[in-house]
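In: This is a predicted model, with the sequence first.
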Amino acid sequence: MNQAEQNSLRGPVTPRHGHVFTPASRAYFAWQAGMLDEGALNQREAGKFFPQTQAGLTDPFAKDDPKNLLPPPDGKIASANQATGKMLDQPGDHWSKHEVCSGDTLDISWYFSANHRTRRFNYFITKPDWDSTKVLARDQFEAEPFHTELIELQPYWAYDAEMKPSNPTTHALPLPAREGYHVLLAVWEVADTGNAFYHVVDLDFLPGDGDDRPSVPMGLKAAEVTDKKVALSWQPSSGAHPIECYQLSRNGTDTFVVPAPITHWDDDQVTADATYHYSIVAVDSKGARSRPSAPVVVRTLGEGGVPSAPQSLHSMGQAVDSIRLMWGASSGASPIDRYELYRDGQQVAPIAGDRTEHTDGGLQPDTLYVYQVVAVDGEGKVSAPSNDLAVRTAVKSDYPAWRLYQDYASGDLVSHVGADWRCRQAHQSLSEDWAPGAAAALWQQHE
């Protein structure tokens, strides 16, 4: 097998699996600045159960959930020990910050490019006497989360949509008493893998309680979405001083000013089949700004009003005779009725519109397959296809198939892309770029 074919097996870079976008996390700011691509933004991923330091632990609440993989080490918490985000771990107080007050309720929102059955969200904050000149480490944070959102359903494999958070998901966090610069750590723990997703948010706690600020604009929603327009509306704010205007933020970078008392706005600068994040603040006649509203995430329809294309089709694992596939949900003018999965150009199976994963079975070992998925809405309109995904079933071998997020010791033997491989140095397989055939420093072919 040549290198080009080996590269094709990894498929396109997929924007998996989620990030904090309001208030913008450190990684989100880096993505806006062009320092991270979309895939790296969504893959701040390492083992769950922070602040634990070891892998192989059982969830004390949900003992049937997969055991955790290795959590990020001290000094690599913001990057989740991912090399693509190592700049996020730099110590210092130079990071872009969000102004808050002690006692505020901070709305923090996640966007999922590929949703998972979820066990919990944990939110940690740095101690009152933490030192920003040092790297983020466990002893810089309070030992316990100040807020947790737990999904209690068990066992995880008996549920699907019930354990997948809405997209986006917003949590209202009552902030503890702090002064000055602090770091909030948001951790999304997955129920059906050993991993979690890590995002840090930099906060500047201002003196006072913020009661003289305008009220937060409530009810922001997309009243109409087409392939050319997003029509937004919201409820009016109030405060100690008259509201002068509203400032709408799109994707955290573009700002649009709407004079009060108008409480609606049409964004006609959108493109078809694209995702947009909107939030809004109120500004009064003294220049005081409210806290941001709960955000709304909108995906415009495909060209001509068809559903948006399924996003981020990727493999969650290959066996000798099956491949587990997952993708991001589509949206349309009418609800999604079904997804249609294609293998090598032929339809495999219809999949219910509320599901975004499927295990394709009955396959041949060590065989390359190419997949696409399309969405069909209740009116029969068909989306554009997802990305093409080329993936190979595992080879029949005396050795186990190579897998992501596994600990490998020097000398371990695995099978991958039609060959057997010997591990050259101990590591955890945190990226497809570390796979046998792609990382010569880690693996050599075993004859």
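Out: Done, it's in. Numbering: from 1, shown residues only.
In: what residue ranges in this structure score low on pLDDT?
Out: Along the chain, the model assigns pLDDT under 70 to residues 1-16, 208-211, 418, 431-433.
In: what separates the residue sitting furthest away from the middle of the chain from Trp434, distance-wise?
Out: Relative to the average C-alpha location in the chain, and by Cα atoms, centre = their mean, no residue lies farther out than Glu447, which sits at 39.6 Å. Glu447 is 22 Å from Trp434, where distance means Cβ to Cβ, to the nearest Å. (C-beta placed from N, C-alpha, C; glycine too.)
In: again, but for Ala46
Out: 14 Å.
In: the more surrounded of the two?
Out: Per other Cβ atoms under 10 Å, whichever of Ala46 and Trp434 has more neighbours is Ala46, with 28 against 18.
In: Just to be sure, Thr255 is in a strand?
Out: Yes: according to DSSP: H, G, I helix; E, B strand; the rest coil, Thr255 belongs to a strand.
In: ok now do Met35, which residues does it touch?
Out: Contact analysis of Met35 by Cβ atoms under 8 Å, 6 or more residues apart in numbering lists Met87.
In: Quick one: distance of stretch 383-402 to the chain centre.
Out: The gap between where stretch 383-402 is centred and where its chain is centred comes out at 22 Å by Cα atoms, centre = their mean, to the nearest Å.
In: I should have written stretch 372-389 there, sorry.
Out: How far stretch 372-389 lies from its chain's middle: 22 Å, per Cα atoms, centre = their mean.
In: Can you pull out the residues in contact with that stretch?
Out: Residues from elsewhere that reach stretch 372-389, judged by Cβ under 8 Å, 6+ apart: 11-12, 14, 273, 302-303, 305-315, 325, 327, 330, 332-342, 353, 370-371.
In: redo that, cut-off 7 Å
Out: Stretch 372-389 is contacted by residues 11-12, 273, 302, 306-311, 313-315, 327, 330, 332-342, 370-371 when judged by Cβ atoms under 7 Å, 6 or more residues apart in numbering.
In: same check, this time on stretch 215-224
Out: Applying Cβ under 7 Å, 6+ apart, the external contacts of stretch 215-224 come out as 230-235, 237-239, 246, 278, 280, 282, 290-291, 293-294, 296, 298.
In: Can you flag the buried ones in those?
Out: Buried by 16 or more other Cβ atoms under 10 Å: 230-232, 234, 237, 239, 246, 278, 280, 282, 290-291, 293-294, 296, 298, out of the contacts of stretch 215-224.
In: Closest one of those to Ala55?
Out: For the buried ones among the contacts of stretch 215-224, the residue nearest Ala55 by Cβ to Cβ is Ala294; the value is 35.6 Å.
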